[in-house]
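Visitor: Got a sequence here, can you build the structure:
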Amino acid sequence: MGTTANRGIRGRRVAALLMAVGGLLALAAPHAGAAEDKLSKETTACLKCHDDPALETKLGDGKRLALHVSTKAFLASVHKEQDCTDCHADLDDKTHGKVRGKLKSERELTASMQDSCVDCHKKKYKQYDDSIHATLAKDGNDKAPLCASCHNAHTQVSVKVAAPIEQTPCASCHEEIFKAYAQDVHGLQRTAQGGKAPICADCHQAHAVKAASLDDTPRDACLSCHKDAFDAHAPWLPNAGLHFESISCAVCHAPDAERRVNLRLFDGASKQPLREKVGVPQFVRRVGASETAGLGLDERALWSLLTQFNADGATGPGKVVLRGRLEVRSGVHAHRLAEKGKAVRDCKTCHAFGAEPFQSVVLSIAGPDGRPLRHGVQKDVLTSLTAMQSVRGFYAIGSTRIKLLDVLLVLAVAGSIAGCLAHMAMRRLTRSARERREAAARAAAAPAAPAPPPDAGGSP
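Guide: Below is the predicted model:
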């Protein structure tokens, strides 16, 4: 009896458990179906074939193109509510998959999909169209990124979701720079804290990417986050404003970087970097004609070059001028930023005769696409009196020392001291004569004594 009763109890428990499991499965089934219901019949039909990881095709250049689209990844993407035909409107459902495609390369496919992106992302595409990336693409550079080069339309998630640092699309083209970034203060912080630290797009913008040679974009990018940077430097850094204007942030905050002086050609009227015109390589032609023996421009060649740019009147009423800036030598060095405690604070790093940053000098102009065109300049230009007119406004005390100016300064100081001593000696030698003249002057200025009054009694 007891054994039979126990078996009955266990049976009822198992039945109850099975009913509970069945209820849970029943609740879960509609949700699973709801995910599938988000896809249209047409898209579902497409994914029945394209969800095969082995699906691929051979292109005209002989390479294989993967055609796999994961249904799960697509449902997690921002495009999950779009139908396949919204972007692939040119496909013929009667011949698709039955007739061999005519694509020559993956690049051709990527370029052909640009218009589909524009239909929905007009504002972002306008930003991209004005960027250095679009300029390179229009010039025929087959490595310049297009929309699909950075965004996989089938798996693209919201940009608000912080992706792992290794999934940053910029790394595919800027590999060396990205390796440097991944190990600097920003990259390490990004790895540790996710979206709380800046990534490429935070400084360079995602779509409106400009060439770093234009204006002061890199410095402005730093100040957009470090808004109190000037106030933090001003108490201990002499002439903080001048330092901020003529030195890039990485010069001090990438302590192991190699540095150089960049003399940039500027339009004196608009205060904008001078740009080479499309099809008119004036800079390349003129520096080639001015330089001798391949040693870089000397002070005479530099002055001649400025004279030529000002003579053609291409810049309007303003004059072409040079603006000197201390910077790191490459983009890789610029992305080796250290924590602020390791930043350069020793003035002798720059303000000492023969300082390392002043051993390399280049002259640069923005090319037609915004990228810099550079040419070597002899470092003696920075210490030449005849080049002062060319490189005015860039004289670092203690480093770009012009010896003749030092001699003139010593003579001026010595002359001032000698003049003071001579003045004091003359005053001492003429002291007695000056005292006599002062006494005579006081006596002459004193009033005459009054005459005695007449006798009141009169004469006898």
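Visitor: Strands of this protein, start to end?
Guide: 56-58, 64-66, 259-267, 272-273, 320-328, 361-366, 372-377 (DSSP state E).
Visitor: Distance from the chain centre to the shortest one, please.
Guide: Think strand 272-273. Relative to the chain's own centre, strand 272-273 is displaced by 15 Å; criterion: C-alpha atoms, centre = their mean, to the nearest Å.
Visitor: ditto for the second one
Guide: Put simply, strand 64-66 sits 36 Å off its chain's centre (C-alpha atoms, centre = their mean).
Visitor: Show me what that strand is packed up against.
Guide: Applying 3 or more C-beta pairs under 8 Å, 6 or more residues apart in numbering; DSSP states H and E, one finds that strand 64-66 makes contact with strand 56-58. In this view, the C-beta of every residue, glycine as well, is placed from N, C-alpha and C.
Visitor: Tell me, please, where in the stretch 251-400 of the chain the pLDDT is lower than the cut-off.
Guide: 292-293, 313-318, 385-395, 397-400 (pLDDT under 70).
Visitor: rerun that using 50 as the cut-off
Guide: Applying pLDDT under 50 to the stretch 251-400 of the chain flags residues 315.
Visitor: where along it do the helices fall?
Guide: Residue ranges of the helices in the stretch 251-400 of the chain, as given by DSSP state H, counting those that start in this stretch, are 282-290, 299-311, 331-334.
Visitor: how about the strands of the chain, which one is nearest Cys347?
Guide: Nearest to Cys347, of all the strands of the chain, is strand 320-328, at 13.2 Å by C-beta to C-beta.
Visitor: now the closest one, how far from the centre of its chain.
Guide: 15 Å.
Visitor: contacting residues around the spatially most central residue of the chain?
Guide: Residue closest to the average C-alpha location in the chain (C-alpha atoms, centre = their mean): Pro218, at 2.3 Å. Residues near Pro218 by C-beta atoms under 8 Å, 6 or more residues apart in numbering: 203, 212, 248-250, 334.
Visitor: let's see 10 Å
Guide: Shown in contact with Pro218 (C-beta atoms under 10 Å, 6 or more residues apart in numbering): 203-204, 212, 248-250, 327-328, 331, 334.
Visitor: got it, and Lys340?
Guide: 185, 226, 229, 232, 252-253.
Visitor: Equivalent analysis for Pro53, please.
Guide: By C-beta under 10 Å, 6+ apart, the neighbours of Pro53 are 66-70.
Visitor: Narrow these to just the buried residues.
Guide: Val69 (16 or more other C-beta atoms under 10 Å).
Visitor: Which of the contacts of Pro53 sits closest to Thr57?
Guide: Leu67 (5.9 Å).
Visitor: Now the closest one: closest residue in space, sequence neighbours ignored.
Guide: Leu55 (4.4 Å; C-beta to C-beta, 6 or more residues apart in numbering).
Visitor: My read is that the one you found contacts Ser70, right?
Guide: No: using C-beta atoms under 10 Å, Leu55 is not in contact with Ser70; the gap is 11.2 Å.
Visitor: re earlier: and which of the contacts of Pro53 is nearest Ala153?
Guide: Val69 (9.5 Å).
Visitor: Now do that closest one against Ala433, distance only.
Guide: Val69 sits 108 Å away from Ala433, going by C-beta to C-beta, to the nearest Å.
Visitor: same thing with His88?
Guide: Counting by C-beta to C-beta, the gap from His88 to Ala433 is 108 Å.
Visitor: of these two, who's got more company?
Guide: His88 (13 against 9; other C-beta atoms under 10 Å).
Visitor: Out of the contacts of Pro53, which is nearest to Met424?
Guide: Among the contacts of Pro53, and counting by C-beta to C-beta, the member closest to Met424 is Ala66, at 92.3 Å.
Visitor: Give the closest residue to that closest one in space, chain neighbours not counted.
Guide: Nearest to Ala66 is Glu56, by C-beta to C-beta, 6+ apart, at 5.0 Å.
Visitor: my read: that neighbour touches His68, true?
Guide: Yes: the pair Glu56 / His68 is scored as a contact, 7.6 Å apart, by C-beta under 10 Å.
Visitor: List the residues that contact Ala289.
Guide: Contacts of Ala289 (C-beta under 10 Å, 6+ apart): 301, 304-305, 308.
Visitor: quick one: buried residues of stretch 179-192?
Guide: Buried, per 16+ other C-beta under 10 Å, within stretch 179-192: 180-182, 184-187, 190.
Visitor: Nearest to Cys120 among the residues you listed?
Guide: So of these, ranked by how close each gets to Cys120 (C-beta to C-beta), first place is Arg190, at 29.1 Å.
Visitor: quick one: the closest one and Phe178 touch, right?
Guide: No: counting by C-beta under 10 Å, Phe178 is not a contact partner of Arg190; they are 11.4 Å apart.
Visitor: Overlap in contacts, the two.
Guide: 165, 168, 199.
Visitor: Helices - which of these land there?
Guide: Members of the shared contacts of Arg190 and Phe178 lying in helices (criterion: DSSP state H): none.
Visitor: so which of those residues comes closest to Ala137?
Guide: Closest to Ala137, out of all of the shared contacts of Arg190 and Phe178 and judged by C-beta to C-beta, is Thr168, at 20.2 Å.
Visitor: What count of nearby residues applies to that closest one?
Guide: Neighbour number of Thr168 under other C-beta under 10 Å is 19.
Visitor: can you pull the pLDDT of it?
Guide: What the model reports as pLDDT for Thr168 is 91.
Visitor: Can you give the distance of stretch 415-425 from its chain's centre?
Guide: For stretch 415-425, the distance to the chain centre is 54 Å (C-alpha atoms, centre = their mean).
Visitor: Grab the CA positions of it and hand them over as CSV.
Guide: Provided in CSV are the C-alpha atoms of stretch 415-425 (Å, rounded to 0.1, in the frame of the first residue of the first chain):
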residue,chain,number,x,y,z
GLY,A,415,75.7,99.7,-24.0
SER,A,416,72.8,100.3,-21.6
ILE,A,417,74.9,99.4,-18.6
ALA,A,418,77.8,101.6,-19.9
GLY,A,419,75.5,104.5,-20.5
CYS,A,420,74.2,104.3,-16.9
LEU,A,421,77.7,104.1,-15.5
ALA,A,422,78.8,107.1,-17.6
HIS,A,423,75.8,109.1,-16.5
MET,A,424,76.5,108.4,-12.9
ALA,A,425,80.2,109.3,-13.3
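Visitor: what sits up against it?
Guide: Counting by C-beta under 10 Å, 6+ apart, no residue outside stretch 415-425 touches it.
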